[in-house]
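S.K.: For reference, the sequence and a predicted model appear below.
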Amino acid sequence: GADARRAILIFFVMLLHSFSEGVGIGVSFGGEHGSELGRFITASLAVHNIPEGLAIAVVLLPKKQIDYLTASLWAILTSIPQPIMAVPAYLFVKWFTRFLPVGLGFAGGAMAWVALFELLVEAHEDTKSLLTTGILTFCSLCIMLFLQNAIDEEARSS
């Protein structure tokens, strides 16, 4: 039904999104400051993958379509392209660099679309309160900004 189509849509958007992130990881390790930047990008994406995985679970679990283990495996599966793409991107950094803006633009656009038109709408439907949805969204954003800043500070001090 509609729930299955939504789950498949979000899964494939996240999967395609991970390809671009993998290229970003690989490319970030190239260049003069590659070790520092690469560690920062990798740590940032590791933290970033948590809400991405939750996005998959949010769609699958409440509908009782699958159990926790299966939902976890689907969530992990969406990030598999990252290491697969990171290695060739690092090895062929000069070639991949020119495609990075397009890939990251696509990845960001796909995530923004899913977040705004799928997840946020569903959160509002579940809470039945615009205020609750707004406050929780704002708190989540603040937590992610705090974590991102902490990772950035750690990367710069290393």
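M.R.: It's in. Numbering: from 1, shown residues only.
S.K.: all strands for this protein, in order.
M.R.: Using DSSP state E, the chain contains no strands.
S.K.: Tell me which residues touch L61, please.
M.R.: 68, 71 (CB atoms under 8 Å, 6 or more residues apart in numbering). For glycine as for every other residue, the C-beta is placed from the backbone atoms N, C-alpha and C.
S.K.: Check it and give its pLDDT.
M.R.: The confidence metric pLDDT takes the value 75 at L61.
S.K.: Which elements pack onto the helix or strand bottoming out on mean pLDDT in the chain?
M.R.: Ranking every helix and strand in the chain by mean pLDDT, DSSP states H and E puts helix 100-114 at the bottom, with a mean of 73. Helix 100-114 sits against helix 2-28, with contacts defined as 3 or more CB pairs under 8 Å, 6 or more residues apart in numbering; DSSP states H and E.
S.K.: for the helix it packs on, which positions count as buried?
M.R.: In terms of neighbour count (16 or more other CB atoms under 10 Å), helix 2-28 has its buried residues at 6-7, 10-11, 13-15, 17-28.
S.K.: cool, and stretch 125-134?
M.R.: T133.
S.K.: Stretch 75-84 too?
M.R.: Neighbour counts over stretch 75-84 (16+ other CB under 10 Å) mark 75, 78-79, 81-82 as buried.
S.K.: At which residues are the helices of the chain located?
M.R.: 2-28, 34-60, 68-77, 81-91, 93-97, 100-114, 120-127, 130-157 (DSSP state H).
S.K.: hang on, the earlier thing: which among the buried residues of stretch 75-84 gets closest to F117?
M.R.: Distance ranking of those against F117, using CB to CB, places T78 first at 18.3 Å.
S.K.: Now do the contacts for the residue lying closest to that closest one once chain neighbours are set aside.
M.R.: Distances taken as CB to CB, 6 or more residues apart in numbering place M14 nearest to T78, at 3.9 Å, with adjacent residues excluded. Taking CB under 8 Å, 6+ apart, we find M14 in contact with 52, 55-56, 78-79, 114.
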